[in-house]
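In: Kindly return the folded structure for what I paste below:
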Amino acid sequence: MSDSEKRALNEAELQELVAASDSGARVVPGSLGFFIAGVALLWSVFQVLLASPVAPYVLPGDLINNSRQIHLAFAVFLSAMAYPLFKSAPKHSVPWYDWVLALGGAFLALYGYVFYDKIVTNGGLADQSDALFSLLGLAFLFIAAYRTLGPVMVVLALIFLAYVFFGSAAAVPDQIRWAGASLRKAMSHMWITSEGVFGIALGVSTKFVFLFVLFGALLDKAGAGNYFIKMAFGALGHLRGGPAKAAVVGSAATGLISGSSIANVVTTGTFTIPLMKRVGFSAEKAGSVEVASSVNGQIMPPVMGAAAFLMVEYVGISYFEVITHAFLPAIISYIALVYIVHLEAVKNKMPTLGNKVVSMWRTILGMFLFFAGFAGLCYATQFPVRAIVSLVPEGAGWVLSAMVGLAYIALVWLAAQAEDLEPDDPNAEVVELPEIPKIYKAGLYYLLPIIVLVYFLMIERKSPGLSAFWATFLLFFILITQKTLKAFFRGEPNAISKLREGMVDLIEGMIDGARNMIGIGLATATAGIIVGTVSLTGIGQVMADFVEFLSGGNLILMLIFVAILSLILGMGLPTTANYIVVSSLMVAVVVELGAQSGLVVPLIAVHLFVFYFGIMADVTPPVGLASFAAAAVSGGDAIRTGFTAFFYSLRTVALPFVFIFNTDLLLIDVTWMQGIIVFIIATIGILVFTAATMGFYFTKSRIWETVALLLVAFALFRPGFFMDMIQPPYHQIAPVEFEQALMEAPVGSSLRTVVSGPDFDTLEMKDLTLVLNVPEGADAATRLDALGLSLLPEGEMMVLEEPMFGSPLSEQLASFDFYGDAPVSITSVQAPTNQLPKELIFIPALLLLGLVTVLQRRRAAIIEGEPA
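Out: Now for the predicted structure:
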């Protein structure tokens, strides 16, 4: 082993690493261990009941209304039981002080539930005793978060809390000073009401996230994780760099349902990293591939590290829309990562594993057909469901349940014909590739709960919580019965006795799910302090001023600084807390400064922008947690692993900038046919970008070829940039002609206007770009009323009066002072022109790509023909 390599951790140490970060490193034997497990099981049962359709009938109303408090109480109690407070603290017993912190923390979390009537009587405002108990509750929460998440989250929350109490001090610079808050007001905001700790983030954790984490834990307990890895290895292991390609696909499959980058790295990495090293990847590169693919799992729908559910609340769009917008960037990012691995293998002439000979194109076609077939199956389920609902509307639920049950039994019968899948040893002398025709049927029934989940989410458009409940309910049935049914179909004696094993698996899976939720529950609660501080103090405006000062008003620089700040803010935080922090602080910055610079983008694009850079903190040194985990598996250097993983993740860095300027990539306002074209072009674009950054296409690229490939990628991703240079999309109109332009513009088109006037807070003049969607109306006055605008021409100026309250533009224009000396006016109006389709730019771009391709293929053929 080289000096640069460290000792790779063994299996027990790796499991302890995951436990220490995700589920708690303390394992208590005996009756106390059973008690702790019982509390975790009770938490899972409560959450399943809360998400079920029968919740209003089996749970008291006050329990449902205060479910956030109960959720946090379980998390605080179990954190004290499962996570040692100090490195020297016992790992097999619970010291007395942890009992105090557990019981005290649980009581304080339930304070709003226990004293609900008193708080309501006071109108939600804390009295002196409420404030003191709330302050104590925050202290207990910080201790729980410290032991579970580490110091970063706690330090960040303490800084924001200190700003709440001391932000009005004379020592604080004028630019960030605020009026201040009393202890009662601050504690009411942070602990008593739903603005701080018990805010939207903890509500999402309670309603949605728990069920999805539990779903993932149960699916893994059933054996799906091992099945996905084997299928990926069997499909791709024979290719050059096959283990690395299998790592990417396997991590994509586990990342679909996982909320943890570290768990992703260790789960698939213990198998794939040794195999990658075996075929020629260095320890750092092997770890980097696993890090890049595992962190990518956090941007992959349907869970996105639990951020998808928060986006629903923060952006105000449906879950279906969030998934639709996030899907394409995640998919092409994974495609690019597979291509990175391929280029690394080809560049270094890595050997293949096994003696299986299948062309790469046939493999790609096979995988495409599998995923397309699975997607088609999910989509097609709606047709028999509708037919049954129309035939037997009263008993449709029972009939459909019976049909799912029969499908499950048939698939288990098929699985019984194959041997149960055991994890492979990556360090064995001879590595045997799994044979897809032999193993695929061993786990097809694992796809059933995923189909149920996708059906309810995407077809029925049910809430994420209810969708996850039905998929989890099916997993209950699978875990209990799969071993018994397999034994029965194989003719084994005492098949019924295996029901007990199934029950044990179910209980262990529910306990694992609860333990995996401890960190997420505490992260969302602690992040609520940051959200509460932003809403109480208005510090978001300070961040906007800070970024504006750094960027000097330059749009690209502004986005770069927001990206860097998002990355810094995300360091050391789990995905969920990471997203809450960066979205609370940075989204408003992009929206406000972007509008001032003429950049108006949908809110979901901005949220995805900061989310992508927030999760890059898991990769980037010096706090790249996933990189440290991968280095522990590979035995490589953690810092070098992190930098290499960041280089492999350049496409994830580039994509947010792309979809900010080209929202087609997020499938916003595109038809099905346009969506297919966008997917094809975006895939080509990301592959070309990857080849350019790797400096290798068919052979080593020359400098001009790298530049040409980058130009092609840019043109494919942002064709509008070049088309706007050829033919501007808007033409200028005098502000006094605004009403005429509004009348002549087609309904549904847009006018870009720049509004200038004094800022309400600073009285300084500022500009704001608005995109006005032209409403229906027989005349200009009707359309102005629909927009809520009142105009007053004054010479060459078009003065704007304050919009009517509740009108479409009232919130956007609320930052202007309409009653000062200087008027608020429309200073620029741009109407759309009949621009040529921007897709025409694809033609020269693809021709240039074809030229580079021909030249490189010729050179590669010459090189390959040379004697060794």
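
In: ok, so what distance separates P493 from E739?
Out: 87 Å (CB to CB, to the nearest Å). In short, each C-beta sits where N, CA and C put it, glycine included.

In: Counting neighbours, go ahead and name the busier of these two.
Out: E739 (17 against 7; other CB atoms under 10 Å).

In: is it true that the more buried one touches D779?
Out: No: using CB atoms under 8 Å, E739 is not in contact with D779, being 9.2 Å away.

In: Report the residue spans of this structure with pLDDT below the cut-off.
Out: 1-25, 124, 254-261, 303, 305, 354-360, 425-431, 598, 622-623, 865-868 (pLDDT under 70).

In: Now do the strands in it.
Out: Using DSSP state E, the strands found in the chain span residues 730-733, 750-758, 765-773, 791-794, 797-800, 825-832.

In: what would those look like in JSON lines with mean neighbour count and distance to D420?
Out: Shown next, in JSON lines, are the strands of the chain (neighbours: other CB atoms under 10 Å; distance: least, CB to CB, whole Å):
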{"stretch": "strand 730-733", "mean neighbour count": "14", "distance to D420": "64"}
{"stretch": "strand 750-758", "mean neighbour count": "20", "distance to D420": "59"}
{"stretch": "strand 765-773", "mean neighbour count": "15", "distance to D420": "58"}
{"stretch": "strand 791-794", "mean neighbour count": "14", "distance to D420": "74"}
{"stretch": "strand 797-800", "mean neighbour count": "20", "distance to D420": "71"}
{"stretch": "strand 825-832", "mean neighbour count": "19", "distance to D420": "62"}
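
In: Kindly present those as TSV, with separate columns for distance to R702.
Out: Putting the strands of the chain into TSV (distance: least, CB to CB, whole Å) gives the following:
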stretch	distance to R702
strand 730-733	40
strand 750-758	42
strand 765-773	42
strand 791-794	58
strand 797-800	55
strand 825-832	42
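
In: For E195, which of these is the nearest?
Out: Closest approach to E195 among the strands of the chain (CB to CB): strand 765-773, 27.6 Å.

In: Which elements pack onto the closest one?
Out: helix 575-596, strand 750-758 (3 or more CB pairs under 8 Å, 6 or more residues apart in numbering; DSSP states H and E).

In: just the ones you listed: most buried one?
Out: Ranked by mean neighbour count, the helices and strands packed on strand 765-773 are led by helix 575-596 with a mean of 24 (mean count of other CB atoms under 10 Å).

In: What angle do strand 765-773 and it make with each other?
Out: 100 degrees (axes from the mean of the first three to the mean of the last three CA atoms, to 10 degrees).

In: How far away from the center of its chain is helix 575-596?
Out: 15 Å (CA atoms, centre = their mean, to the nearest Å).

In: same thing with stretch 140-160?
Out: Taking mean C-alpha positions (CA atoms, centre = their mean), stretch 140-160 and its chain are 22 Å apart.

In: Let me know the distance separating the closest residue to E737 other than its chain neighbours from D664.
Out: Counting by CB to CB, 6 or more residues apart in numbering, E737 lies nearest to V829, which is 7.2 Å off, once chain neighbours are set aside. V829 sits 26 Å away from D664, taking CB to CB as the criterion.

In: cool, T524 as well?
Out: According to CB to CB, T524 stands 33 Å off from D664.

In: more crowded one of these two?
Out: T524 (31 against 23).

In: okay but the more buried one is in contact with K207, surely?
Out: No: if you go by CB under 8 Å, T524 and K207 don't touch, sitting 11.3 Å apart.

In: residues near I615, how many?
Out: 29.

In: How is the chain partitioned into domains?
Out: 11-190, 664-728+848-868, 730-834 (automatic domain parsing).

In: Quick one, which of those gets closest to V581.
Out: Across the domains of the chain, closest to V581 is domain 11-190 (CB to CB), at 6.9 Å.

In: just how off-centre is that closest one within its chain?
Out: 24 Å.

In: now stretch 527-542
Out: On CA atoms, centre = their mean, the centre of stretch 527-542 falls 22 Å from that of its chain.

In: Show me the contact partners of that stretch.
Out: 138, 153, 156-157, 160-161, 163-164, 167, 175-176, 178, 181, 186, 189-190, 195-202, 576-577, 580-581, 584-585, 588-589, 761 (CB atoms under 8 Å, 6 or more residues apart in numbering).

In: Pull out the buried members of those.
Out: 138, 153, 156-157, 160-161, 163-164, 167, 178, 181, 186, 189-190, 195-202, 576-577, 580-581, 584-585, 588-589 (16 or more other CB atoms under 10 Å).

In: Quick one: mark the members of the residues you listed that sit in helices.
Out: Using DSSP state H, the subset of the buried ones among the contacts of stretch 527-542 located in helices is 138, 153, 156-157, 160-161, 163-164, 186, 200-202, 576-577, 580-581, 584-585, 588-589.

In: okay, now P393: neighbour count?
Out: Other residues near P393 come to 9 when the count uses other CB under 10 Å.

In: Distance of it relative to Y455?
Out: Distance from P393 to Y455, by CB to CB: 19 Å.

In: likewise F160?
Out: F160 is 41 Å from Y455, by CB to CB.

In: related to what we said a few turns ago, nearest approach to K483 belongs to which of the domains of the chain?
Out: Proximity to K483 (CB to CB) singles out domain 11-190 among the domains of the chain, at 20.2 Å.

In: need the contact list for the residue nearest to F661 when sequence neighbours are not counted.
Out: Nearest residue to F661, sequence neighbours excluded (CB to CB, 6+ apart): R718, at 5.7 Å. Listed by CB under 8 Å, 6+ apart, the contact set of R718 reads 658, 661-662.

In: Which ones among the residues you listed lie within helices?
Out: Counting by DSSP H, those contribute 658, 661 to helices.

In: could the contacts of R718 go into TSV alongside distance to V678?
Out: Shown next, in TSV, are the contacts of R718 (distance: CB to CB, whole Å):
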residue	distance to V678
V658	11
F661	14
N662	9
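
In: Identify the residues contacting the most centrally placed residue in the chain.
Out: Nearest to the mean C-alpha position of the chain, counting by CA atoms, centre = their mean, stands M304 at 2.9 Å. Contacts for M304 (CB under 8 Å, 6+ apart) come out as 298, 311, 326, 575, 611.

In: likewise V315?
Out: V315 sits in contact with 322, 603-604, 607, where contact means CB under 8 Å, 6+ apart.

In: got CSV for the residues you listed, with neighbour count and distance to S44 too?
Out: Output for these, formatted as CSV (neighbours: other CB atoms under 10 Å; distance: CB to CB, whole Å):
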residue, neighbour count, distance to S44
V322, 25, 26
L603, 15, 34
I604, 22, 32
H607, 25, 30
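
In: circling back to that earlier point, okay if I get the domains of the chain as JSON lines plus distance to L475?
Out: Listed next are the domains of the chain as JSON lines, based on distance: least, CB to CB, whole Å:
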{"stretch": "domain 11-190", "distance to L475": "11"}
{"stretch": "domain 664-728+848-868", "distance to L475": "30"}
{"stretch": "domain 730-834", "distance to L475": "43"}
